[in-house]
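Q: pasting the sequence and the predicted coordinates here, then a few questions.
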Amino acid sequence: MTQPLLPLTARSRDEAHRAATPLELFFDLCFVVAVAQAGAELVHAVAEGHAGSGIVNYAMVFWAIWWAWMNFTWFASAYDNDDVLYRVVTLVQIAGVLILAAGVSRAFEDHDFLIVYIGYLVMRLALSSQWLRAAHHATDPAERTMCRRYAGGVVACQVGWTALLFVPEDARPWVFLVMALAEMSVPMLAERDVTTQWHPHHIAERYGLFTIIVLGETIAAATVAVKSGVTENDALGEVLPIAAGGLLIVFAAWWIYFVVPAHDRLASNRQGFLWGYGHYLIFTSAAAIGAGIEIAVEQAVGKAHISTLAASSAVTIPTAVFLLCVWLLHARYFKVGIAQQSVLPVSSLAILMCTFAGHWAVFAAGLVAAATVAVGVTLTTRNPATRRGA
């Protein structure tokens, strides 16, 4: 039975059988709403020929979603005590992300970030209260200082984000860039004397679960797009290759991400920061694949005002970015020999080349992705050193 109040103290990094909690899974599920909204608006912007502004807005909104998720995830890995107060504050954070999701359309269409800001404010104030509570229960003065630095940094950055509401539209990307860098510097500054007790296996599982959720959202978006294309335009011949290629891409993305034990790379804060921050590109590109499949379907049935080349690149570019980032962040550390190391970079380049295959571009990219998995499995099986490492 959940206790009303327990000390919010650090958990052990060596804790056995540490797994994601039902509350964390619910937290992730609610974040999918915001991810879906951002993806839908990206589809609309690109399909209407506003790819530049759509991509910039998508990158900004997705960063806000990802950063709020990541802050909660690493805090929970170190301090989750699962008492009533912790649960309530976490539910407040969930309410904040739902508010943010409700403002995504206005941010894209009217460049009005007020609702997004309010949702972000709710999430960040709840998080800072968690850090202050952890500071209150900390017995080590250095840990108490670290928690207070986190709380102060979160609040200071939130004040800085207010500028996004008042600066001219052309200046917003630059304000965003400055504030994003400020946000990402907070953990490094807060933990310069002592580190939080995050759990490597737990962090790897949480990131893996969010990757599955984002890929699942990609499948859902692609399914809706194909259904719409068939129902409204009776264009099965045009959308079937896109659907098949998209499915192969998502299956391959799942396989490639989970083929190596990511937690083995999380031995220190330096590795953890690089790995955790780098996942912004993995999550963003994975979600963008689904948006790209929708765009490709809309272009195939004549609903998108863009060229076949542009529609194809909406799928191939994020796919290539996903594969390359997975290789850079952890896959390359588990590869033996030049052949294994070359598979994902070469595959990324090949998928980019598929962009020029016309209406068969997505299907060709799917075949390349499937071949990537097949070649990787074959090389791993033939190399005893790799099997021992695994």
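A: That came through fine. Numbering: from 1, shown residues only.

Q: for the rest of this, base every contact and every neighbour count on C-alpha atoms.
A: Noted.

Q: now Arg18, what's its secondary structure?
A: Arg18 carries the three-state label coil when classified by DSSP: H, G, I helix; E, B strand; the rest coil.

Q: do you know how far it is from Ser185?
A: Taken as CA to CA, to the nearest Å, the spacing of Arg18 relative to Ser185 amounts to 28 Å.

Q: confidence score at Tyr58?
A: Here the pLDDT value assigned to Tyr58 is 89.

Q: oops, could you answer that again for Leu367 instead?
A: The predicted structure lists Leu367 with a pLDDT of 96.

Q: so who does it touch?
A: For Leu367, the contacting residues are 245, 248, by CA atoms under 8 Å, 6 or more residues apart in numbering.

Q: let's see that with 10 Å instead.
A: Under the criterion of CA atoms under 10 Å, 6 or more residues apart in numbering, the contact list for Leu367 reads 244-246, 248-249, 252, 351, 354, 361.

Q: rewinding a little: ok, Arg18 and Ser185, which is more surrounded?
A: It is Arg18, of Arg18 and Ser185, that has more neighbours when counted by other CA atoms under 10 Å, with 16 against 12.

Q: the nearest residue to Ala51 once chain neighbours are set aside sits in which helix or strand?
A: Residue nearest to Ala51 in three dimensions, not counting chain neighbours: Ala45, with 5.9 Å by CA to CA, 6 or more residues apart in numbering. In this structure, Ala45 is located in helix 22-47 according to DSSP states H and E.

Q: what packs against that helix?
A: Of the remaining helices and strands, those touching helix 22-47 by 3 or more CA pairs under 10 Å, 6 or more residues apart in numbering; DSSP states H and E are helix 51-79, helix 84-102, helix 104-109, helix 200-233, helix 269-300, helix 308-329.

Q: export these to JSON lines and tack on distance to Ala171 and mean neighbour count?
A: Converted to JSON lines, these look like this (distance: least, CA to CA, whole Å; neighbours: other CA atoms under 10 Å):
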{"stretch": "helix 51-79", "distance to Ala171": "12", "mean neighbour count": "20"}
{"stretch": "helix 84-102", "distance to Ala171": "21", "mean neighbour count": "20"}
{"stretch": "helix 104-109", "distance to Ala171": "15", "mean neighbour count": "20"}
{"stretch": "helix 200-233", "distance to Ala171": "30", "mean neighbour count": "19"}
{"stretch": "helix 269-300", "distance to Ala171": "23", "mean neighbour count": "23"}
{"stretch": "helix 308-329", "distance to Ala171": "26", "mean neighbour count": "24"}
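
Q: quick one: the residue most central in space within the chain from Val260, how far?
A: Nearest to the centroid of the C-alpha atoms of the chain, with distances taken as CA atoms, centre = their mean, sits Phe283, at 2.7 Å. Distance, Phe283 to Val260, by CA to CA: 17 Å.

Q: what does Met60 give?
A: When CA to CA is applied, the distance between Met60 and Val260 equals 30 Å.

Q: for Asp83, give me phi and psi.
A: Torsion angles at Asp83 (phi, psi; degrees, to the nearest 10) stand at phi -90, psi 180.

Q: start the count at 29 instead of 1 going forward.
A: Taking 29 as the first residue, the last one we looked at is Asp111.
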